[in-house]
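In: sequence unknown, structure follows:
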């Protein structure tokens, strides 16, 4: 079964900047392309940091403060000085990135943990391959009910499960899959339900399955 990964939904045409790009050119790029942050790449295309609108504004805030003034906010993990002039000085580092073959669940979890709305996507060498946003993660749920039904019938019930699924019926409405019918073992129904939940685009699964024999362990067998 094909599981959708970050590379399937990411934007491949990414606006990035080099380490030596000056403050003014970074600002111009952000405004021209209407983005709030830029991945910073080295000469080999590897992501070394991210520079954002907040980084630029922080620099200006520091520049206007009297010398030696205490700043109550905690320093960011980059060169937090009024004299910062290039992306190398301004960027937040290390960059929070995601491998292109990572799952959408992993990308969503990382965004939540780091409090970011988008992630630079990197290949196996750490080079910039794309960018993925929270909006991109929702694309998988635009799959048609027909495509989801096909995946569940063919990939889950026919190809993946080494069990009799000939009496199982599949219906899909607005991404919600209903499994009905009968399987041989109760544990088989649990496996079928769990694999269906993992299919791309599935919003929820309704369990209407019956079984011929309950083979779940009893309290004495546990």
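Out: Alright, I've got the coordinates. Bear in mind that the values here come from a model prediction, so they are computed numbers and not experimental data. Numbering: from 1, shown residues only.
In: roughly how far apart are the residue most central in space within the chain and residue 43?
Out: By CA atoms, centre = their mean, the mean C-alpha position of the chain lies nearest to residue 107, the distance being 2.4 Å. Shown here: residue 107 relative to residue 43, a distance of 27 Å by CB to CB, to the nearest Å. Just so you know, the C-beta spots here come from the backbone N, C-alpha and C atoms, and that holds for glycine as well.
In: Provide the contact partners of stretch 163-179 at residue level.
Out: Contact partners of stretch 163-179, identified using CB atoms under 8 Å, 6 or more residues apart in numbering, comprise 141, 143, 145-146, 148-149, 152-153, 157-158, 180-185, 188-189, 191-193, 196, 199, 201-209.
In: show me where this structure has helices.
Out: With DSSP state H as the definition, the chain shows helices at residue ranges 6-9, 23-33, 53-63, 87-90, 104-114, 134-137, 145-150, 186-197.
In: hey, which helix or strand in the protein has the poorest pLDDT?
Out: Lowest on mean pLDDT, DSSP states H and E among the helices and strands of the chain sits helix 53-63, with a mean of 77.
In: Residue 106 reaches residue 98, doesn't it?
Out: Yes - counting by CB atoms under 8 Å, residue 106 does reach residue 98; the two are 7.0 Å apart.
In: Neighbour count: these two, which is higher?
Out: Counted by other CB atoms under 10 Å, residue 106 and residue 98 do not tie: residue 98 has more neighbours, with 25 against 14.
In: which residues does that one bridge with?
Out: As for beta bridges, residue 98 partners with residue 121 under DSSP bridges.
In: separation between it and residue 4?
Out: Between residue 98 and residue 4 the computed distance is 14 Å (CB to CB).
In: what do you get for residue 152?
Out: 15 Å.
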